[in-house]
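Undergrad: Show me the folded form of this:
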Amino acid sequence: MRPTAAAARTMTLLDVLNVSRDLSRFAGLVKAAGLEGELSKPGQFGLFAPHNPYFESFHAPTMETLVGDLGRLRRVLLRHITTKPVMVYPGGLGSERGGDLELLRTVGGDSVAVWNGGGGQPRIEGRVIWVANVAASNGIAHCIDGLIGGWTA
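TA: The predicted structure follows:
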């Protein structure tokens, strides 16, 4: 999932999402919801993308129902894009505010909490951040173990 430093200067968050085999299901949902522009526009954003095993646990009718309501799908996915990037580190080292918890605003208007300490794995809204700090030209991407807030919107 990690592009080279030179590639990161030209790859957008959408590019990072699209080249990662581990994030192909989330990439498909982003495309279905018409949110590619949110991940390719200029600026500095954070992306917290669930990995494929999370989606593979769903039954086909469940996925069809969820993708069938594009408004709901968009609201759910927008929780995974924050209005500013954040670096995370096990144990809390390097937190921008010097503390273990940082509240971020999503492009959908929600607030999400990033837990960055306590000697354990960093988390966002209780979801484990498995792969962290993947640089892109317009932000930082992270791979997480599930949807933020589930499918409710």
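
Undergrad: what's the burial count for Lys31?
TA: Neighbours of Lys31 under the rule other C-beta atoms under 10 Å: 13. Quick note: C-beta positions are derived from backbone N, CA and C, even for glycine.

Undergrad: should've said Tyr54
TA: Residues contacting Tyr54 under the criterion other C-beta under 10 Å number 15.

Undergrad: Could you look up the SS state of it?
TA: The three-state label given to Tyr54 by DSSP: H, G, I helix; E, B strand; the rest coil is helix.

Undergrad: Now it: closest residue in space that isn't a chain neighbour?
TA: Take Tyr54 and drop its neighbours on the chain: the residue closest to it by C-beta to C-beta, 6 or more residues apart in numbering is Gly146, 4.7 Å away.

Undergrad: do you know how far the residue lying farthest from the centre of the chain is from Asp69?
TA: Among the C-alpha atoms of the chain, the one farthest from their average position, using C-alpha atoms, centre = their mean, is that of Pro61, at 24.3 Å. Per C-beta to C-beta, to the nearest Å, Pro61 is found 14 Å from Asp69.

Undergrad: next one: Arg127
TA: Counting by C-beta to C-beta, the gap from Arg127 to Asp69 is 22 Å.

Undergrad: do Thr106 as well
TA: The gap separating Thr106 from Asp69 is 19 Å, by C-beta to C-beta.

Undergrad: Same drill for those two, tell me which one is more crowded.
TA: Thr106 (21 against 13).

Undergrad: Was I right to think that one contacts Ala113?
TA: No: applying C-beta atoms under 8 Å, one finds Thr106 not in contact with Ala113, separated by 11.4 Å.

Undergrad: which stretch of helix or strand covers Val128?
TA: strand 127-136 (DSSP states H and E).

Undergrad: For the helix or strand just after that strand, give me every contacting residue.
TA: Where DSSP H and E defines the elements, the next helix or strand beyond strand 127-136 is strand 139-144. Contacts to strand 139-144, defined as C-beta atoms under 8 Å, 6 or more residues apart in numbering, come from residues 1, 13, 16-17, 20, 22-23, 43-51, 85-88, 124, 127-134.
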